[in-house]
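K.L.:
please work out how this folds:
(chains A, B, C and D)
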4 protein chains.
Amino acid sequence: MHAPQVPESARIRFRCKARTRWSDEDNQNVLNNAVYMTLLEEGRHAYFERLGLLELNHFPFVLAQTNIRFVAPGRGGAEVEIEVVTTRLGNSSFEQSYRVREARGGRTWCEAEAVLVIYDARTGRSSPMSTAFKQAVAEFEGLG
Amino acid sequence: MHAPQVPESARIRFRCKARTRWSDEDNQNVLNNAVYMTLLEEGRHAYFERLGLLELNHFPFVLAQTNIRFVAPGRGGAEVEIEVVTTRLGNSSFEQSYRVREARGGRTWCEAEAVLVIYDARTGRSSPMSTAFKQAVAEFEGLG
Amino acid sequence: MHAPQVPESARIRFRCKARTRWSDEDNQNVLNNAVYMTLLEEGRHAYFERLGLLELNHFPFVLAQTNIRFVAPGRGGAEVEIEVVTTRLGNSSFEQSYRVREARGGRTWCEAEAVLVIYDARTGRSSPMSTAFKQAVAEFEGLG
Amino acid sequence: MHAPQVPESARIRFRCKARTRWSDEDNQNVLNNAVYMTLLEEGRHAYFERLGLLELNHFPFVLAQTNIRFVAPGRGGAEVEIEVVTTRLGNSSFEQSYRVREARGGRTWCEAEAVLVIYDARTGRSSPMSTAFKQAVAEFEGLG
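P.N.:
Next up is the predicted model:
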């Protein structure tokens, strides 16, 4: 199984803060694996809010695939920094990479990559990426 | 990003039932992506409980990597069938594949593969796979 | 703080099964308190589905108050039985009581009471209880 | 059902910030009710961390009862302020009250009261409140 491809931190333009909760730890006293997925989602939410591409708090796309590598055990009640970068823009889909690290100390907890598909909630189907969406992301990321 | 490698259902020996909850749907009216991770964990829990390898409801391993492909939108309040298969047994790690399908109709919601690492909670480190663990899984799966 | 008023089990007409998940346990190795709220919601969902009063998987009411007494520590990976009873029907609100017990052994985990308010999602406001809703619940419960 | 007794904000000495997540909204597009329970827990965690009474991220007590009144619909992706006050200290239990309000605008989302019982994880039983615990809380709250 190949490791997720995640650019080094210095090359990632977007980062935001989030907090883990006490109840995010499971009975093994570490952050439950599903919570990482929630943290990636929080990162995506902040990223697209910053770019002005959320519609009434809804995402205009769905997650098609995620590949997560769990690097170190996380914990509840901690502040984390989430790095988000769009690495490819297609006609109806795009790819992103993520890194979650503990804010204090900077230790990486996980790295991930994802494929996301533009989705029209009215029709319930995938749809072409709008020019506005493509331009906003391409400009932010400096993608050709 | 490569798709997870998941054997066809007829070749998978373990399956169990689980239920999604009403609150598992997010504001897009579909099963939230993090819940799939929880369903894979439920499948793993049932698999290792069946094999008698859980210690006081704790897993003797941690998740090192998961690659999930979301095939169709899931929903809350539904019964699902989770298929679990161990595809490789190493000296201190192993690999599994999973498929989650809605029980009614049989539609596949997601497919996934994972790498898991044997872990000793007392030392907080990875550790060799015990002979008992290896034998129990190899026998169940018919692995060489 | 007064204890929730919950009729004895023999006088409650509706009960359903649900399952707790492995990840529902927190780092104190017991069912996290928020999960009880989710179990009460699962009970309500099954109750109103049985009565045919859900609209496209949405509740036609919101929770206004819940009073929960935690009687014994719950655990993950267990089957539970949830008892639900409507104890009062008003013009725009109603009251229910609940009991959650472990299926194996029958030990009570929690008892609760709740006030719920009829809600019109289109207007975002509380609204009068429809005659159909009132009749269906009154008939099921044998309420005058 | 009586409303929870919560002192007015000006008389509450402890408050902390927390954040709701995008996935905390359910399919009715409001904060799911179970999340309020998690927010109260976050408030308790911050309160006892401030007082130095957490032991390795574990609470030395369990929740025996909670009475929550949902005042206004909450939402995901919002910053909230959580007020926590201890209103009574007994020999093996104590009572607290809480208020959760949206940070922006200050609208109250819920008010709650709770009974908590000192618990010894080694014996699995309730136990007397230690003098250190009682003094720390009494001093902070100015309780006789």
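
K.L.:
near chain B at all, the helix or strand of chain A with the lowest mean pLDDT?
P.N.:
Counting by mean pLDDT, DSSP states H and E, chain A has its least confident helix or strand at strand A:125-126, which shows a mean of 87. No: residues of strand A:125-126 contacting chain B under CB under 8 Å from any CB of the partner chain: none, with a closest distance of 11.1 Å. From N, CA and C alone the C-beta is placed, and that goes for glycine too.

K.L.:
A:Arg44 belongs to a helix?
P.N.:
Yes: secondary structure of A:Arg44 (DSSP: H, G, I helix; E, B strand; the rest coil): part of a helix.

K.L.:
wait, it touches A:Gln96, no?
P.N.:
Yes: when contacts are counted by CB atoms under 8 Å, A:Arg44 is listed as touching A:Gln96 (7.2 Å).

K.L.:
what does the least confident helix or strand of chain A rub up against?
P.N.:
A:Ser92, A:Ser93, A:Val117, A:Ile118, A:Tyr119, A:Asp120 (CB atoms under 8 Å, 6 or more residues apart in numbering or on different chains).

K.L.:
just the buried subset of these, please.
P.N.:
Listed as buried from the contacts of strand A:125-126 are A:Ser93, A:Val117, A:Ile118, A:Tyr119; burial here means 16 or more other CB atoms under 10 Å in any protein chain shown.

K.L.:
so what's the nearest residue to the first one once chain neighbours are set aside bridging to?
P.N.:
Taking CB to CB, 6 or more residues apart in numbering or on different chains, and ignoring the residues beside it in sequence, A:Ser93 has A:Val117 as its nearest neighbour in space, at 4.7 Å. On DSSP bridges, the residues paired with A:Val117 through beta bridges are A:Val62, A:Ser93.

K.L.:
and the pLDDT for A:Val117?
P.N.:
Listed pLDDT for A:Val117 reads 97.

K.L.:
and what of A:Leu51?
P.N.:
Reported pLDDT for A:Leu51: 97.

K.L.:
can you check A:Leu56 too?
P.N.:
77.

K.L.:
distance of it relative to chain C?
P.N.:
From A:Leu56 over to chain C the distance is 14 Å, taken as CB to the nearest CB, to the nearest Å.

K.L.:
equivalent analysis for A:His45, please.
P.N.:
21 Å.

K.L.:
same check, this time on A:Phe14
P.N.:
29 Å.

K.L.:
wait, that residue sits on A:His45?
P.N.:
No: using CB under 8 Å as the test, A:Phe14 is too far from A:His45 to be in contact (11.8 Å).

K.L.:
just give me the closest of the buried ones among the contacts of strand A:125-126 to D:Glu139.
P.N.:
Closest approach to D:Glu139 among those (CB to CB): A:Tyr119, at 55.3 Å.

K.L.:
the closest residue to that closest one other than its chain neighbours - how many residues pack around it?
P.N.:
Among residues not flanking A:Tyr119 along the chain, A:Val62 sits closest, at 4.6 Å (CB to CB, 6+ apart). Look at A:Val62: counted by other CB atoms under 10 Å in any protein chain shown, it has 17 neighbours.

K.L.:
let me see the contact set for A:Val62.
P.N.:
A:Leu116, A:Val117, A:Tyr119, B:Gln28, B:Val30, B:Phe70, B:Pro73.

K.L.:
so what touches stretch A:133-141?
P.N.:
By CB under 8 Å, 6+ apart, stretch A:133-141 touches A:13-14, A:51-53, A:60, A:85-86, A:89, A:94, A:118, A:143-144.

K.L.:
now the buried members of those residues.
P.N.:
A:Phe14, A:Leu51, A:Leu53, A:Pro60, A:Val85, A:Thr86, A:Leu89, A:Phe94, A:Ile118.

K.L.:
list the buried residues of the helix or strand A:Lys17 falls within.
P.N.:
According to DSSP states H and E, A:Lys17 maps onto strand A:14-19. For strand A:14-19, burial by neighbour count (16+ other CB under 10 Å) applies to A:Phe14, A:Arg15, A:Cys16, A:Ala18, A:Arg19.

K.L.:
and the first one, how far is that from A:Glu81?
P.N.:
This points to A:Phe14. According to CB to CB, to the nearest Å, A:Phe14 and A:Glu81 sit 11 Å apart.

K.L.:
and stretch A:135-144, which residues are buried?
P.N.:
Per 16+ other CB under 10 Å, stretch A:135-144 contains these buried residues: A:Ala136, A:Val137, A:Phe140, A:Glu141.

K.L.:
likewise stretch A:40-55?
P.N.:
A:Leu40, A:Glu41, A:Glu42, A:Gly43, A:Arg44, A:His45, A:Ala46, A:Tyr47, A:Phe48, A:Leu51, A:Leu53, A:Leu54.
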